[in-house]
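Enquirer: model the following, please.
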Amino acid sequence: LTKAECSFQQAYDWTDGKVVFASGSPFDPIEVDGKTLTPSQCNNMFIFPGLGHGATIGGLKKITDKCLYDISLALAECLTDEERANGQVFPKVSRIREVSD
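Expert: Down below sits the predicted model:
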């Protein structure tokens, strides 16, 4: 049982396949026209270990919106070709240590 507002399948159906989907809850992949689409699990765990470490080492007193934006771009660049092809917007959670380094 999930407390999510909707499932990956529902979001896909309701948007006629135009959804960009990430959820705090894990959802199973869906099959569309013979292709497997894998939803991303979105969680702040991807950026906060590195953000905290960098802020501590750098002695930062403030983390700006630009800093968070730049980190978001770096996270997007961590997607593999396979993850992009599967429709994911975040790397697989199983790659968390690799991505957050």
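Enquirer: mind checking how far stretch 94-101 is from the chain centre?
Expert: Averaged C-alpha coordinates place stretch 94-101 at 12 Å from its chain's average position (CA atoms, centre = their mean, to the nearest Å).
Enquirer: how close does residue 49 get to residue 74?
Expert: Distance check for residue 49 against residue 74: by CB to CB, to the nearest Å, it reads 13 Å. For glycine as for every other residue, the C-beta is placed from the backbone atoms N, C-alpha and C.
Enquirer: for the protein, what's the longest helix?
Expert: helix 65-77 (DSSP state H).
Enquirer: enumerate every residue touching the residue nearest the centre of the chain.
Expert: With distances taken as CA atoms, centre = their mean, the chain has residue 90 as the residue nearest its mean C-alpha position (2.7 Å). When contacts are counted by CB atoms under 8 Å, 6 or more residues apart in numbering, residue 90 is found next to 22, 40-42, 46, 75, 79.
Enquirer: could you redo the last one with a cut-off of 7 Å?
Expert: Under the criterion of CB atoms under 7 Å, 6 or more residues apart in numbering, the neighbours of residue 90 are 22, 40-42, 46.
Enquirer: over to residue 89?
Expert: Counted by CB under 7 Å, 6+ apart, residue 89 has contacts 20, 22, 40.
Enquirer: quick one: secondary structure of the closest residue to residue 20 other than its chain neighbours?
Expert: Leaving aside its sequence neighbours, residue 20 sits nearest to residue 89 (CB to CB, 6 or more residues apart in numbering; 5.9 Å). Residue 89 carries the three-state label coil when classified by DSSP: H, G, I helix; E, B strand; the rest coil.
Enquirer: sounds good, over and out.
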